[in-house]
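In: Quick one, what's the 3D model for this:
(one chain, ligands or ions: 1)
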Amino acid sequence: MKKKCVVCGFDKRVENHHIIKHKNLGSDVEENLVYLCPNHHWIADFGNEEDRIWMLEQIKKITGKDGVEIDEHEKKTLFKKARRLVEETLGRYSDEEWENFKMEESFNFITTINGLRGRAGWGGRWETDMNKRAELLLLRDKIDSELGFNLKDKPQGTKQQGDELQIEEKSSLLP
Ligand SMILES: [Zn+2]
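Out: Sure thing, here's the model as predicted:
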């Protein structure tokens, strides 16, 4: 079956959309995914609140789907992935350090993941060694892209020079 936008039927270019976003604990399972054309995808992700609610209603009306949150198993997998990414750059955490780190972050999945990327982002901001700084900022972007978090509140590709600090401050995963 040809992939097409569930809202308008456009089929020349379609994108996978998470109904519940990763940053809100949306899962990768099929029940949480729909195809959207680039325009409807943009509205779903970056439109104003009214438009985003309208999109959710359309998706629900047409597909019956209203999204699924990630389960415990998926959380574990994401944790492992995040840990691996951090360790690749920052060096290995011992199991004890890792447990302490999770304690610090109160075992909350989102704050822990955000803590990992925050650590990288903050480290990158204050690191004076430019190579290390670049490495840390790269790591933060890698966590975002590999874990599917879309933390920048604007479409990719429109990032301006000097946006970095603004993005950093707005990047909290918590509502
Ligand atoms: Zn469309």
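In: And Lys142, how far from Lys2?
Out: Going from Lys142 to Lys2 by CB to CB, to the nearest Å gives 33 Å. (Each C-beta comes from the backbone N, C-alpha and C, glycine too.)
In: which one of the two has more residues nearby?
Out: Lys142 (16 against 7; other CB atoms under 10 Å).
In: Contact residues of the chain facing the ion?
Out: 5, 7-8, 10, 37, 40 (CB under 5 Å from the ion).
In: Out of these, list just those in helices.
Out: His40 (DSSP state H).
In: Whichever of the residues of the chain next to the ion end up buried, select them in PyMOL.
Out: The PyMOL command for the buried members of the residues of the chain next to the ion (criterion: 16 or more other CB atoms under 10 Å) is given here:
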select buried, resi 5+7+37+40
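In: So which of the residues of the chain next to the ion are in strands?
Out: With strands taken from DSSP state E, there is no overlap with the residues of the chain next to the ion.
In: a strand runs through Asn16, doesn't it?
Out: Yes: secondary structure assignment places Asn16 in a strand (DSSP: H, G, I helix; E, B strand; the rest coil).
In: Double-check it against Glu30; I have them as touching.
Out: No: using CB atoms under 8 Å, Asn16 is not in contact with Glu30; the gap is 10.3 Å.
In: can you tell me the helix or strand for Arg84?
Out: Counting by DSSP states H and E, the element that carries Arg84 is helix 72-90.
In: Equivalent analysis for Trp54, please.
Out: Counting by DSSP H and E, Trp54 is found in helix 49-63.
In: tell me which residues of that helix are tucked away?
Out: 55-56, 58-59.
In: try stretch 73-82
Out: 75, 78-79, 82.
In: now, which of these sits nearest Leu138?
Out: Distance to Leu138, by CB to CB, is smallest for Ala82 among those, at 14.9 Å.
In: could the residues of the chain next to the ion be laid out in a markdown table, adding distance to Ile70?
Out: Output for the residues of the chain next to the ion, formatted as a markdown table (distance: CB to CB, whole Å):
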| residue | distance to Ile70 |
| --- | --- |
| Cys5 | 25 |
| Val7 | 25 |
| Cys8 | 29 |
| Phe10 | 29 |
| Cys37 | 26 |
| His40 | 24 |
